[in-house]
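S.K.: Have a look at this fold, sequence not included:
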Ligand code: SF4
């Protein structure tokens, strides 16, 4: 039996910016015979649900960790970078307790993205802030749609 941390929305939990989930049946099935710990970095970072959608300016999650990019609300342009960093750090605290074999992230998200994220309104190659921090700390990560 393996231990996985999983983006909560992939398990049908309504944590997304639009107040909905993004249930992935393959991920749910994986949790039948393994231990899965759901988490949502954006809620852990103090953001409400639902919440205004955000995107990157100046780079992806790795650039945010290096303080070279930021994350803003798409419409208002309010800077939410600190919420996203806090969410990544709080998620890492969970990982240090849980010691997951792998972290299963929802791809495309500014927190959880693994292969692609929204940078200034365009889907580009890159990862979210929490994914970037987890990779930096040596965790194995995988992205699901
Ligand atoms: S931050 Fe991650 S877990 Fe939370 S809703 Fe977005 S993709 Fe899902």
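M.R.: Yes, it's here. Just so it is clear, the model here is predicted, and its values are computed rather than measured.
S.K.: what does this structure have sitting close to the ligand?
M.R.: 7, 8, 9, 15, 16, 40, 41, 42, 106, 109, 111, 112 (CB under 6 Å from any ligand atom). To be clear about C-beta, it is placed using only N, CA and C from the backbone, and glycine gets the same treatment.
S.K.: of those residues, closest to residue 58?
M.R.: residue 111 (16.9 Å; CB to CB).
S.K.: To what extent is the closest one buried, counted in neighbours?
M.R.: Residues near residue 111, counting by other CB atoms under 10 Å, number 30.
S.K.: hmm, back to that, narrow the residues of the chain next to the ligand to those in strands?
M.R.: Secondary structure defined by DSSP state E assigns 7, 106 of those to strands.
S.K.: could you dump the residues of the chain next to the ligand to JSON lines with pLDDT and distance to residue 98?
M.R.: JSON lines is the format used below for these (pLDDT from 0 to 100; distance: CB to CB, whole Å):
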{"residue": "7", "pLDDT": "98", "distance to residue 98": "14"}
{"residue": "8", "pLDDT": "98", "distance to residue 98": "14"}
{"residue": "9", "pLDDT": "98", "distance to residue 98": "18"}
{"residue": "15", "pLDDT": "98", "distance to residue 98": "18"}
{"residue": "16", "pLDDT": "98", "distance to residue 98": "22"}
{"residue": "40", "pLDDT": "99", "distance to residue 98": "15"}
{"residue": "41", "pLDDT": "98", "distance to residue 98": "14"}
{"residue": "42", "pLDDT": "98", "distance to residue 98": "19"}
{"residue": "106", "pLDDT": "98", "distance to residue 98": "18"}
{"residue": "109", "pLDDT": "98", "distance to residue 98": "20"}
{"residue": "111", "pLDDT": "98", "distance to residue 98": "17"}
{"residue": "112", "pLDDT": "98", "distance to residue 98": "16"}
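S.K.: List only buried entries from the residues of the chain next to the ligand.
M.R.: 7, 8, 9, 15, 16, 40, 41, 42, 106, 109, 111, 112 (16 or more other CB atoms under 10 Å).
S.K.: got the contact list for the residue nearest in space to the middle of the chain?
M.R.: What sits nearest the mean C-alpha location of the chain, by CA atoms, centre = their mean, is residue 112, with 2.0 Å. If you count contacts by CB atoms under 8 Å, 6 or more residues apart in numbering, residue 112 has them with 7, 41, 105, 106, 128, 130, 131, 143.
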